[in-house]
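*Asks:* Below is the sequence, then the predicted model.
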Amino acid sequence: MEHPLVVGVDGSDGSLAALDWAAEEAARCRIPLRVVHASLWERYEGAVPSFTAERPAEEVTAQHIVVSSEQRARRLFPDVQVHAVTVPYDAVEALLEESHSAVAVVTGCSGRGAVKEFLLGSVSLAVAGRAWCPVVVVRGEERNIKGMSRRIVVGVGEADEAVTAVRFALREAGTRGCEVEAVRAWRSPQQPTDVLSVLDAGPLAYEEQARAVLDDVLEEAVTERSKVSVVRTVVEGSAHRALLGQAGDADLLVLGATRRQDGLGLHLGRVSHTALHRAACPVAVVPHQ
């Protein structure tokens, strides 16, 4: 059975943006789209006998969200196989369960208006930090969401998670026919303690060290079969600021994450949190298994 792309919907503007993005992604990748609406009413009230012929408002709302979401996806991309369901869980629990068998899980961003860059729904953050598959949070400006820049940015952090993230970015770029920009940030420590300080090599040595890490990651991640153009960028400064700057004109920002030793979630540091709250484009968090 082919694994689907899963998108969570709740009828909000943010979830509609996520639905549209996911439908287009499913069309590009030629995979099924599974639309999931979580409703605890189904668990606690759905089995209780009704003494009236009138349908409960919660049931009507849930059905409307599911039916309208499925119709919207089919209307946008008629060739995509769409299956929409209501599940009796809270949203986080539902999407985490779906993540065990999904190609990726797509969620929306709850921000609106002038403060949207600072608002990220608790559902999106919880799913991004605990899912078993890549999670894409659809956020940012309309141009970026619609993929008009023809460019994907991937952050190159620690080696293992960076290789996984770069491979995801390459696959995504391959379906879109666009380039990948791999970004590695570096900083000169105020009180150097490694061999570089002994050599008194200065900032240039730290830049070259960052470039070497970037080269090693790309050498491992990029295969001979890949036809995606990869741009290598080394930036001085903090990683979260560097990536936000480079992703300002991107269609997708890809970040890797390692799983915690207890297996209950991912290590999402300052870079991931900042990107999920403030990036100008959709953000993909890719777990390194």
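*Replies:* Sure thing, it's come through.

*Asks:* Pass me the low-pLDDT residue ranges in the stretch 101-250 of the chain, would you?
*Replies:* 110-120, 190-202 (pLDDT under 70).

*Asks:* show me where it has strands.
*Replies:* 104-108, 135-138, 151-155, 179-186, 230-236 (DSSP state E, counting those that start in this stretch).

*Asks:* closest to residue 209 out of those?
*Replies:* Set against residue 209 and scored by CB to CB, the strands of the stretch 101-250 of the chain come closest in strand 179-186, at 7.0 Å. C-beta coordinates here come from the backbone N, C-alpha and C atoms, glycine included.

*Asks:* Tell me what angle that closest one forms with strand 151-155.
*Replies:* Counting by axes from the mean of the first three to the mean of the last three CA atoms, to 10 degrees, strand 179-186 lies at 30 degrees to strand 151-155.

*Asks:* Who are the packing partners of strand 179-186?
*Replies:* strand 151-155, helix 159-176, helix 203-221, strand 230-236, helix 239-246 (3 or more CB pairs under 8 Å, 6 or more residues apart in numbering; DSSP states H and E).

*Asks:* related to what we said a few turns ago, so which of the strands of the stretch 101-250 of the chain is nearest residue 216?
*Replies:* strand 179-186 (10.4 Å).

*Asks:* Would you mind writing the CA trace of the closest one as PDB?
*Replies:* Coordinates of each C-alpha in strand 179-186 appear next as PDB, following Å, rounded to 0.1, in the frame of the first residue of the first chain:
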ATOM      1  CA  GLU A 179      17.700  24.500  -7.000                       C
ATOM      2  CA  VAL A 180      18.800  23.800  -3.500                       C
ATOM      3  CA  GLU A 181      20.900  26.200  -1.400                       C
ATOM      4  CA  ALA A 182      22.700  24.500   1.400                       C
ATOM      5  CA  VAL A 183      23.600  27.000   4.200                       C
ATOM      6  CA  ARG A 184      26.100  26.500   7.000                       C
ATOM      7  CA  ALA A 185      26.600  29.300   9.500                       C
ATOM      8  CA  TRP A 186      29.800  30.000  11.500                       C
END
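
*Asks:* so can I have TSV of the helices and strands packed on strand 179-186 showing distance to residue 11 and mean neighbour count?
*Replies:* Shown next, in TSV, are the helices and strands packed on strand 179-186 (distance: least, CB to CB, whole Å; neighbours: other CB atoms under 10 Å):
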stretch	distance to residue 11	mean neighbour count
strand 151-155	30	28
helix 159-176	28	21
helix 203-221	39	16
strand 230-236	39	16
helix 239-246	30	20
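
*Asks:* Save the ones you listed as CSV, and put in distance to residue 18 too.
*Replies:* Conversion of the helices and strands packed on strand 179-186 to CSV gives the following (distance: least, CB to CB, whole Å):
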stretch, distance to residue 18
strand 151-155, 18
helix 159-176, 16
helix 203-221, 27
strand 230-236, 28
helix 239-246, 21
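
*Asks:* Residue 97 is nearest to which of those?
*Replies:* From these, taking CB to CB, the stretch that ends up closest is helix 159-176, at 21.8 Å.

*Asks:* quick one: the nearest residue to residue 217 once chain neighbours are set aside from residue 235, how far?
*Replies:* Leaving out its chain neighbours, the residue that sits closest to residue 217 by CB to CB, 6 or more residues apart in numbering is residue 162, at 4.6 Å. Plainly put, residue 162 is 15 Å away from residue 235 if you go by CB to CB, to the nearest Å.

*Asks:* Now do the helices in this structure.
*Replies:* Remark: helices assigned in the chain by DSSP state H are 13-29, 40-44, 57-76, 91-98, 122-130, 142-145, 159-176, 195-199, 203-221, 239-246, 270-278.

*Asks:* tell me the contacts of residue 162?
*Replies:* 155-156, 217, 221, 256 (CB atoms under 8 Å, 6 or more residues apart in numbering).

*Asks:* Switch the residues you listed over to TSV; also include distance to residue 284.
*Replies:* Shown next, in TSV, are these (distance: CB to CB, whole Å):
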residue	distance to residue 284
155	10
156	14
217	17
221	15
256	10
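
*Asks:* farthest-separated two in these?
*Replies:* Pairwise over the contacts of residue 162, using CB to CB, the maximum falls at 155 and 221, 13.0 Å.

*Asks:* Only the buried residues of stretch 124-143, if you could.
*Replies:* The neighbour-count criterion (16 or more other CB atoms under 10 Å) identifies 124-140 as the buried residues of stretch 124-143.
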